[in-house]
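# this one's sequence-less:
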């Protein structure tokens, strides 16, 4: 299973290189089901893997001048503060048994996986449905700050980068073209994830050899993803990835709740 897990780790970077997001929602299931990492620890590992992989992807986009640093800072700063606070203070305070009534028990690990599956399904629906361009309901700065906090909550609680929220936000609120939105998204995800991991580092034992091995494969995948992005139709990539997320999310829900 670990060999399959290492192969699957390539797709973390491929996804980030192709569409500027999605890698984070693959990382936790790969860690849990292929490497048998406990779910809450998997969210911490995910932050490091996705953060490092996104940082390399962002450098590649920066070389192509496809990052808007002003917008990235406006969106990223409130997100950074939120994700660090959640990983440093909120996550350690959540008990292992979140709810219990007689024989019905909800553990922190189970809740994490169920919420993650819901996140995957929501992301899949957002990717698969036809995109409708709508006018922002808030001024640019307010909208970016508010959505930055939302992404911080998602990253902090579930170890996900939130690229499926970031990219539409940057397009609609900051009027960025898709390539600049993808590059800016990678920078925001990298900063969010690594700052979130910094809040975790003293709360969990870290298997650095395994973590760095998976990260190295994810980084390798970004180069392949960038190469493929110029050769495959974006609409086909998004559709395949959307269906993959949907089926994976349904699988996790079924496995954790029904079997």
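Received, thanks. Everything numeric in this text was worked out from a predicted model, so none of it was measured. Numbering: from 1, shown residues only.
# What residues does the closest residue to residue 249 other than its chain neighbours make contact with?
Leaving out its chain neighbours, the residue that sits closest to residue 249 by Cβ to Cβ, 6 or more residues apart in numbering is residue 120, at 3.4 Å. Every residue, glycine included, has its C-beta placed from N, CA and C. When the contact criterion is Cβ atoms under 8 Å, 6 or more residues apart in numbering, the partners of residue 120 are 25, 29, 245-246, 248-249, 252.
# Residue 110 too?
Residue 110 touches 39, 256, counting by Cβ under 8 Å, 6+ apart.
# That one - that's part of a helix, no?
Yes: when DSSP: H, G, I helix; E, B strand; the rest coil is applied, residue 110 is found to be in a helix.
# nearest to residue 217, of the contacts of residue 120?
Distance to residue 217, by Cβ to Cβ, is smallest for residue 29 among those, at 15.5 Å.
# since we're on the closest one, how many residues are nearby?
21 (other Cβ atoms under 10 Å).
# gap between residue 207 and residue 42?
12 Å (Cβ to Cβ, to the nearest Å).
# between those two, who's got more neighbours?
residue 42 (26 against 14).
# contact partners of the helix or strand harbouring residue 247?
Secondary structure from DSSP states H and E places residue 247 in helix 234-257. Helix 234-257 is contacted from outside by 15, 18-19, 22, 25-26, 29, 110, 113-114, 116-121, 123-125, 127-128, 178, 228-229, using Cβ under 8 Å, 6+ apart.
# make it 6 Å
18, 22, 110, 113-114, 117, 120-121, 123-124, 127-128 (Cβ atoms under 6 Å, 6 or more residues apart in numbering).
# same deal with stretch 175-184?
Contacts with stretch 175-184, where a contact means Cβ under 6 Å, 6+ apart, come from 20, 61, 66-68, 71-72, 167, 170-171.
# if we can go back for a sec, which one of the contacts of residue 120 sits closest to residue 10?
residue 29 (14.6 Å).
# which other helices and strands contact the helix or strand containing the closest one?
Using DSSP H and E, the element containing residue 29 is helix 23-33. Applying 3 or more Cβ pairs under 6 Å, 6 or more residues apart in numbering; DSSP states H and E, one finds that helix 23-33 contacts helix 2-19, helix 39-63, helix 108-128.
# quick one, helices of the stretch 51-200 of the chain?
Ranges of helices within the stretch 51-200 of the chain are 69-85, 91-93, 108-128, 140-158, 163-174, 178-200, based on DSSP state H, counting those that start in this stretch.
# Could you list the buried residues of the shortest one?
Just to be clear, that refers to helix 91-93. By neighbour count with 16 or more other Cβ atoms under 10 Å, helix 91-93 contains the buried residues residue 91.
# Give me the contact list for that helix.
Residues outside helix 91-93 that contact it (Cβ under 6 Å, 6+ apart) are residue 203.
# just how off-centre is that helix within its chain?
Averaged C-alpha coordinates place helix 91-93 at 20 Å from its chain's average position (Cα atoms, centre = their mean, to the nearest Å).
# For that helix, what does the pLDDT average out to?
The average pLDDT within helix 91-93 is 84.
# heads up, I number from 7, so please use that
That works, and once the first residue is 7, the last one we named lands at helix 97-99.
# Can you spell out which helices and strands pack onto the worst-scoring helix or strand of the chain on mean pLDDT?
Within the chain, confidence by mean pLDDT, DSSP states H and E is lowest for helix 169-180 among all helices and strands, at a mean of 76. On a contact count with 3+ Cβ pairs under 6 Å, 6+ apart, helix 169-180 meets helix 146-164, helix 184-206.
# got those helices as TSV, with mean pLDDT columns?
Below are the helices and strands packed on helix 169-180 laid out as TSV (pLDDT from 0 to 100):
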stretch	mean pLDDT
helix 146-164	83
helix 184-206	84
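# Can you say which of these is packed in most?
Neighbour counts (mean count of other Cβ atoms under 10 Å) averaged over each of the helices and strands packed on helix 169-180 peak at helix 184-206, with a mean of 25.
# And the next helix or strand past that helix?
Past helix 184-206, the next helix or strand by DSSP H and E is helix 214-235.
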